[in-house]
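Undergrad: this is a predicted model, with the sequence first.
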Amino acid sequence: MIKSAPLRYIASRAGGMLIVLAIVAVLVFVLTRAASGDPISVLLGDQATAADIARVQKEYGLDKPLPVQFGYWLREVLQGNLGTSIFLQRPVTQALWERAEPTTLLALMAVAIAALIGVPCGIVSAVFRGRVVDQFFTGIAMLGASIPS
């Protein structure tokens, strides 16, 4: 039993996080299975025979019950194997790593620009609290936060 309040708080947060991760894992699995379109048809093309389809289903474990498929999928995800992209014909992890650098650079530039604009505006709003300038910058900030990305 955890007696310290900070440790109890951390344990409760970690438990909640595990529950959320489990729910997200189930949702991702179910939504990918429920998505329209048959990945085997995309992989093999329109000319695939029933034998080809059965072979690929067996190869990917799609002939097994959904709970078994989920167990296989979860094991692979936890090991860092996200599978092979049907469209790119290479591992998904490799494709993600190739796009990680430009994505990180773009995110850092966006944070830098937001800080360069937001910090001075926040200072001006704090100095002129409750005045027209403060309300203007608050309105602009709300508008910026409300615009969908």
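TA: Happy to help now that I have it.
Undergrad: okay, buried residues for the lowest-mean-pLDDT helix or strand in the chain please.
TA: Least confident element among the helices and strands of the chain, by mean pLDDT, DSSP states H and E: helix 39-44 (a mean of 76). Within helix 39-44, the residues that count as buried by 16 or more other C-beta atoms under 10 Å are 40, 43. Backbone N, C-alpha and C define where each C-beta goes, glycine included.
Undergrad: what are the phi and psi values for Thr84?
TA: Backbone torsions for Thr84, taken as degrees, to the nearest 10, come to phi -110, psi 130.
Undergrad: check contacts around it.
TA: 90-92 (C-beta atoms under 8 Å, 6 or more residues apart in numbering).
Undergrad: among these, which ones are in helices?
TA: Val92 (DSSP state H).
Undergrad: now render the contacts of Thr84 as JSON lines, adding neighbour count, distance to Leu143 and pLDDT.
TA: Shown next, in JSON lines, are the contacts of Thr84 (neighbours: other C-beta atoms under 10 Å; distance: C-beta to C-beta, whole Å; pLDDT from 0 to 100):
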{"residue": "Arg90", "neighbour count": "11", "distance to Leu143": "42", "pLDDT": "90"}
{"residue": "Pro91", "neighbour count": "14", "distance to Leu143": "42", "pLDDT": "92"}
{"residue": "Val92", "neighbour count": "14", "distance to Leu143": "37", "pLDDT": "91"}
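Undergrad: of the contacts of Thr84, closest to Glu98?
TA: Each of those was checked against Glu98 using C-beta to C-beta; the closest is Arg90, at 9.3 Å.
Undergrad: bridged to the closest residue to that closest one other than its chain neighbours, which residues?
TA: Counting by C-beta to C-beta, 6 or more residues apart in numbering, Arg90 lies nearest to Thr84, which is 6.7 Å off, once chain neighbours are set aside. When assigned by DSSP bridges, Thr84 has beta-bridge partners Pro91.
Undergrad: now Thr84: how far from Leu106?
TA: 26 Å (C-beta to C-beta, to the nearest Å).
Undergrad: one more: Gly16?
TA: Applying C-beta to C-beta to Gly16 and Leu106 gives a distance of 31 Å.
Undergrad: sorry, back to before: okay, the contacts of Thr84 in TSV with distance to Val119 next?
TA: Below are the contacts of Thr84 laid out as TSV (distance: C-beta to C-beta, whole Å):
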residue	distance to Val119
Arg90	42
Pro91	41
Val92	38
